[in-house]
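Asks: Build me a model:
(2 chains)
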Protein chains: 2
Amino acid sequence: MEITRKNFQESLEVIESAVKEASFIAIDGEFTGLNHAGLTHTAVFDTPEERYHKLVQGSGDFMLIQFGLCAFIYDGSTKKYTAKPFNFYIFPRPFSRAAPDVRFSCQSSSLDFLMSQGFDFNKWIRDGIPYLRPVDEARLKEQVIKKHEVFASPAFISPSGGSQPGGVTKGPVDIPPEQKDFVDDICKKVEKFLESGEHESLSLPPCTGFQRKLTYQSLQTKYGGELHLQSKTGENKERFIVVTKVKGEDQMKKMEESRQAQDMAEIDAAVGFTHVIKMISQSGKLIVGHNMMLDIAHTINQFMYPLPQAYEDFKSMCRCVFPRLVDTKLMSNTQPFKDRIDNTGLSYLHHLTQMPPFVKPEVEISEDLDNKYKDNEALHEAGYDAFVTGQCFISLSNFLGQFQQPPSDHVPPASPLLEPFLNKIFMMRSLDIPYMDLVAADLSPSRDHVFHLTFPKDWKSSDISLLFAQFGNVYIGWIDEVSAYVSLHSKSVASSVLKTLCKKGSVYRLMSYNDHKNHTLQEHKNQYKWTNQKPEHQSHGHNRTHSHSHSHHTTVPSSGPNLDGEESGGARKGTKRPHSPENGVPVVDTDSGKKKAKSLNVDAPEFQSRITPTSTPEKDDNLQWPENINSSGKKIDKKEEDKFFPEPDDW
Amino acid sequence: MEITRKNFQESLEVIESAVKEASFIAIDGEFTGLNHAGLTHTAVFDTPEERYHKLVQGSGDFMLIQFGLCAFIYDGSTKKYTAKPFNFYIFPRPFSRAAPDVRFSCQSSSLDFLMSQGFDFNKWIRDGIPYLRPVDEARLKEQVIKKHEVFASPAFISPSGGSQPGGVTKGPVDIPPEQKDFVDDICKKVEKFLESGEHESLSLPPCTGFQRKLTYQSLQTKYGGELHLQSKTGENKERFIVVTKVKGEDQMKKMEESRQAQDMAEIDAAVGFTHVIKMISQSGKLIVGHNMMLDIAHTINQFMYPLPQAYEDFKSMCRCVFPRLVDTKLMSNTQPFKDRIDNTGLSYLHHLTQMPPFVKPEVEISEDLDNKYKDNEALHEAGYDAFVTGQCFISLSNFLGQFQQPPSDHVPPASPLLEPFLNKIFMMRSLDIPYMDLVAADLSPSRDHVFHLTFPKDWKSSDISLLFAQFGNVYIGWIDEVSAYVSLHSKSVASSVLKTLCKKGSVYRLMSYNDHKNHTLQEHKNQYKWTNQKPEHQSHGHNRTHSHSHSHHTTVPSSGPNLDGEESGGARKGTKRPHSPENGVPVVDTDSGKKKAKSLNVDAPEFQSRITPTSTPEKDDNLQWPENINSSGKKIDKKEEDKFFPEPDDW
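Replies: Got it, this is the predicted structure:
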């Protein structure tokens, strides 16, 4: 169901009841852009904290312009899901001259892409639903109260009198010769209006701000408490004054009161889409998204609270606004799904999860809504994408049922089988940290086999490979024209790299990842005013290892059962074996009695060994294979690699 | 005539001939926004240089999205003008993955406003004409040449061979297990394609970047020089590989050559709208605009060269791109027009200049074009605004004919009567410097009667007025919540202000405008890396007085006849008398033989005394009268005054 400002108010009830009865809620957003070019593009060795800062700086000023919400309601008797998809157009129309006049960025490739997918930009601007962050709502309401206090004061009623403090009047402005005719004309019009007595109010012709000033001044001097004046905005944005007859101070007061009530109602209406986000947030329902980092960050920032500088504060904010999240992109990149899914783009995933070994879930669009999505694909429309994401989630979830004892073909959203995926957001193009963990310390794998290399401008991939030839295959993560991260496939030889390759007088400069990280951390600290990590912010008793420290795997005193005790299972020849995600992951939330101490009944060894997300360098779309680098290893234009990052990888 | 990318190429000839035969050309632009909130908003005492820097910082990242061009052709025999209006939609579609992916800002009030005026945002994004700055065009062409050099090298043809420098191949990537099926399937498809011999080329199904990498790798290893591979983008932005059979190296070379030619043609097409700006620029025709500061700055920045940091460099750039400009907003704010025009907004000006004492010009839209504008107003559509601006210009110009000897009812664009207005751009909301002078030193009026005041947060206008009461009326130019400029109406008492009001222990701090300016100049110099003024940049022998110097009117050794020798004429009671604009204005361009030593025959004393632009504080729209400050002088929310600045004053 499409929701614009035209049907928003009348649809709120339907939306609310859908949210209330939902088993889980899928969401999706469309944006005016993805990231700014330059240094804030994602890098394969970003820590989650670095990634967050890049997100804020590189994506923060783009805007969410379409929000998809799909409530999925499970019926135990029919074993079917009913889907209630809503597609919201969102636009921050400045509803009054005091409302925020939002400035935001656009990326031409993103607009071009949305256009090609049928996004209606005219509808967006004309009919988009407005929104107000709670803090803006409060500020505007305060302003209205203050304004009407002023209007209600005696100084306003009789501007010439008043010796009370603050009520001293500024001398009237001289009327310049070229404005005399204008003012005379206005006065004549008003005189006639008062004499005729036919109408209660009179709209003066539109004029400039200065002319409105002269009008206010002349009419108030001349007619004092007899007239009520109000500036209004016409259909074509022209500004004009409406003059209304007033009988006595009482009526003036009443008019001002009704005007205040109008102003308040206007603000309430302007809160708009923020109502929906509050609704979702307060429902406590499981929120499902696909590759949802941007969706979450923009939703919080745009409708609720500006994103904080400190990463740990962002995590707290996420937990507060969305207490339960699952990312289907993370699920499908994690065992037991990873080996069965060769492309985790949303539409392909949808396609795959409807075929064996998955079971196509039975989902019907509610009869109460228009069912445009029933027979029509509308990929990249937020409402449709949310609808599809939810279906993927159901299919993936149900697949896990075979690992239960007894096996089950329905896994509900609250099942403990889903807990390994809870409150973790997929990190795109990360080599060894697959997700941001919202409820625990992030993974911190060893990067002792990673090096930072600076080299002459004309170096190509092949030159770097050649330099490291004696240490076997390497993964090269370009940073810019003259630097790159180099990661050894064979970790065992890492310790001899610096000794062997660091030579006096060489044209390149090599340092360990950790040394380089410490160096740049120091540099950036002042530049971006990053706040420091708060290692013990999560008080679940988990240690947190800073990624620039030299320690390897940390020993984690787990407070609950550990899903995966094995270290070898998921590793494959030639790929990196990341930390097991259980390092630092509280599988059981000790803060919540409800979830405590579930026995997982996960028996299948395959599941046991594979629930660890593994992220191979090769898997990340476009990661290592910009098409302007041909197979001979010649680099054509390294700067152009940036081009590949804006591409959404969900196609 | 509406021009989009669909009819752009075929219309170029019509546009070119219109530009060539034009007597003058009117232009107009529509933008995604006007300015960012905050410190870069215009202030009444900005110097032109300060204004330029605010423009670059505060408006530079908004985008021109519609360009209006209207050629006016005068027919001496019929004494009529023919108008040829063109309305261009402009959008920087990234035509290839190497093209600039432009990021730009939007202001929601501006989009909302354009929408209300009928702007079609879908047409803008879908059909907008692309553009490329000359420097981007050159860079892209160079890249194409480099790329094809690489493809033509032996290393490309046989990736496994080649021991030549730079041709060392990186080891192939392992195929992860979950991709094996995908790769096998591709190989089977290609095998079948080669066997059947039915078609010359085969489009593989769309896939991820990583899968394309695997495809390239597998097919090149297997089929070497037999196949030519190329990645393409489909209608829905999906990426896929096209496989083509190749017979021998010769054909491979030919295919690469045709591909290079295609790439070059693609870039030529992408230069798009830049062609039109070059056309206008090279025509040397008089360019007329209304309040054209933003139009000029954005046009140069977007289509030609990034705006320079130094203000003097900007002036040079303007002279280079648009050697002859006239701003009708400046004209109508200048005598002899000022007293006859009470509102210089474009539509109102158009209305006024069709009535006595002006004469409605005879203008017909060319029969060759669709004449949508003939009977329909389309205000705020760039093409229509350009059409209207040109009509205003004709009417204003012709009005000057009465001051000639003998009087004339037709004043051509090249008339010396227009020279006082030439190459000056109107400065909105400036108190005493009405324009930026592109060909000479800017005006530098004395500001000895202006003061900078810092005060407690709760001060209102009335408190400031009270503080200065003994010095008569003041003009208050708010800067923020705690500071303002205060300008005395009566200049004669200026010298005693500091002595009288600067007291130890007072809650406010007062300093002269000049001291404050020197102070902030010093502060900003590092912050924005402003380059210094170059006082003698204009080598016409005119002195330039820095606005922060203490000297008053400068004596100007004029190199030509001076239009106005009088100093008293234009001054009116209560308004400021600015410098005469002829200070520093070369009325006769000594560089150009054609224009030399015109005798102006301007006799009417009214004209003589009034050709000086005067700018009264009261005249500037919305300048002193934010409507949330009521007549009792109570200030409701000073911060909200900002709200009034974004409003275009051309309504």
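
Asks: drop to CA atoms for contacts and neighbour counts, all remaining ones
Replies: Noted.

Asks: for chain A, what are the low-confidence residue spans?
Replies: For chain A, the stretches with pLDDT under 70 are A:39-40, A:150-173, A:524-651.

Asks: Select the longest strand from it.
Replies: strand A:64-75 (DSSP state E).

Asks: helices and strands around the next helix or strand after it, which ones?
Replies: As assigned by DSSP states H and E, the chain's next helix or strand after strand A:64-75 is strand A:80-89. Using 3 or more C-alpha pairs under 8 Å, 6 or more residues apart in numbering or on different chains; DSSP states H and E, the elements in contact with strand A:80-89 are strand A:2-3, strand A:64-75, helix A:121-127, strand A:363-365, helix A:382-400.

Asks: just how off-centre is the longest strand of chain A within its chain?
Replies: Offset of strand A:64-75 from its chain centre (C-alpha atoms, centre = their mean, to the nearest Å): 15 Å.

Asks: what helices or strands is that strand leaning on?
Replies: Secondary-structure packing of strand A:64-75 (3+ C-alpha pairs under 8 Å, 6+ apart): helix A:8-21, strand A:24-31, strand A:80-89, helix A:293-299, helix A:382-400.

Asks: Is it possible to get a markdown table of these that adds mean neighbour count?
Replies: Shown next, in a markdown table, are the helices and strands packed on strand A:64-75 (neighbours: other C-alpha atoms under 10 Å in any protein chain shown):
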| stretch | mean neighbour count |
| --- | --- |
| helix A:8-21 | 16 |
| strand A:24-31 | 27 |
| strand A:80-89 | 24 |
| helix A:293-299 | 21 |
| helix A:382-400 | 26 |
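
Asks: Tell me what angle the longest strand of chain A forms with strand A:24-31.
Replies: 160 degrees (axes from the mean of the first three to the mean of the last three C-alpha atoms, to 10 degrees).

Asks: longest helix of chain A?
Replies: Looking across chain A with DSSP state H, the single longest helix is helix A:248-271.

Asks: Could I get the CA-only coordinates of the following helix or strand past that helix as PDB?
Replies: Counting by DSSP H and E, the next helix or strand C-terminal to helix A:248-271 is helix A:274-283. The C-alpha trace of helix A:274-283 is given here as PDB (Å, rounded to 0.1, in the frame of the first residue of the first chain):
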ATOM      1  CA  THR A 274       8.300  10.000  12.900                       C
ATOM      2  CA  HIS A 275       5.100   8.600  14.400                       C
ATOM      3  CA  VAL A 276       5.700   5.400  12.400                       C
ATOM      4  CA  ILE A 277       9.300   4.900  13.500                       C
ATOM      5  CA  LYS A 278       8.200   5.500  17.100                       C
ATOM      6  CA  MET A 279       5.500   2.900  16.600                       C
ATOM      7  CA  ILE A 280       8.000   0.300  15.300                       C
ATOM      8  CA  SER A 281      10.500   1.100  18.000                       C
ATOM      9  CA  GLN A 282       8.000   0.800  20.800                       C
ATOM     10  CA  SER A 283       6.500  -2.400  19.400                       C
END
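
Asks: residues of helix A:274-283 that come out buried?
Replies: Within helix A:274-283, the residues scored as buried using 16 or more other C-alpha atoms under 10 Å in any protein chain shown are A:274, A:275, A:276, A:277, A:280, A:281, A:283.

Asks: hmm, who's touching the longest strand of chain A?
Replies: Contact with strand A:64-75 is made by A:18-19, A:21-32, A:80-91, A:124, A:295, A:298-299, A:302, A:381-387, A:390, as judged by C-alpha atoms under 8 Å, 6 or more residues apart in numbering or on different chains.

Asks: just stretch A:469-488 next, same as before
Replies: Here stretch A:469-488 has contacts from A:43-44, A:449-457, A:459, A:461, A:464-465, A:468, A:489-490, A:493-494, A:497, A:513, A:617, A:624, A:638-639, B:171, using C-alpha under 8 Å, 6+ apart.

Asks: if you set the cut-off to 7 Å instead, what comes out?
Replies: If you take C-alpha atoms under 7 Å, 6 or more residues apart in numbering or on different chains as the criterion, stretch A:469-488 is touched by A:44, A:449-457, A:465, A:489-490, A:493, A:638-639.

Asks: do the same with stretch A:175-182
Replies: In contact with stretch A:175-182 (C-alpha under 7 Å, 6+ apart) are residues B:339, B:340, B:341, B:342.

Asks: Now do the buried residues in it.
Replies: Neighbour counts over stretch A:175-182 (16+ other C-alpha under 10 Å) mark A:175, A:176, A:178, A:179, A:182 as buried.

Asks: and residue A:232, what are its bridge partners?
Replies: Going by DSSP bridges, residue A:232 is paired in beta bridges with residue A:240.

Asks: Mind jotting down where the strands sit in the stretch 101-250 of chain A?
Replies: A:103-107, A:201-203, A:227-233, A:239-245 (DSSP state E, counting those that start in this stretch).

Asks: now for the shortest one, which elements pack on it?
Replies: Applying 3 or more C-alpha pairs under 7 Å, 6 or more residues apart in numbering or on different chains; DSSP states H and E, one finds that strand A:201-203 makes contact with strand A:239-245.

Asks: how about the strand it packs on as PDB, C-alpha atoms only?
Replies: Included here for strand A:239-245 are C-alpha records, laid out as PDB according to Å, rounded to 0.1, in the frame of the first residue of the first chain:
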ATOM      1  CA  ARG A 239       3.200  36.000   0.600                       C
ATOM      2  CA  PHE A 240       0.300  38.300   1.500                       C
ATOM      3  CA  ILE A 241      -1.400  39.800   4.500                       C
ATOM      4  CA  VAL A 242      -4.900  39.000   5.600                       C
ATOM      5  CA  VAL A 243      -6.800  41.800   7.500                       C
ATOM      6  CA  THR A 244      -9.600  40.800   9.800                       C
ATOM      7  CA  LYS A 245     -12.000  43.100  11.800                       C
END
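
Asks: neighbouring contacts of that strand?
Replies: A:200-207, A:226-233.

Asks: try it again with 6 Å
Replies: A:200-204, A:206, A:227-233 (C-alpha atoms under 6 Å, 6 or more residues apart in numbering or on different chains).

Asks: and of the buried residues of helix A:274-283, the nearest to chain B?
Replies: Taking C-alpha to the nearest C-alpha as the measure, chain B lies nearest residue A:274 of the buried residues of helix A:274-283, at 17.5 Å.
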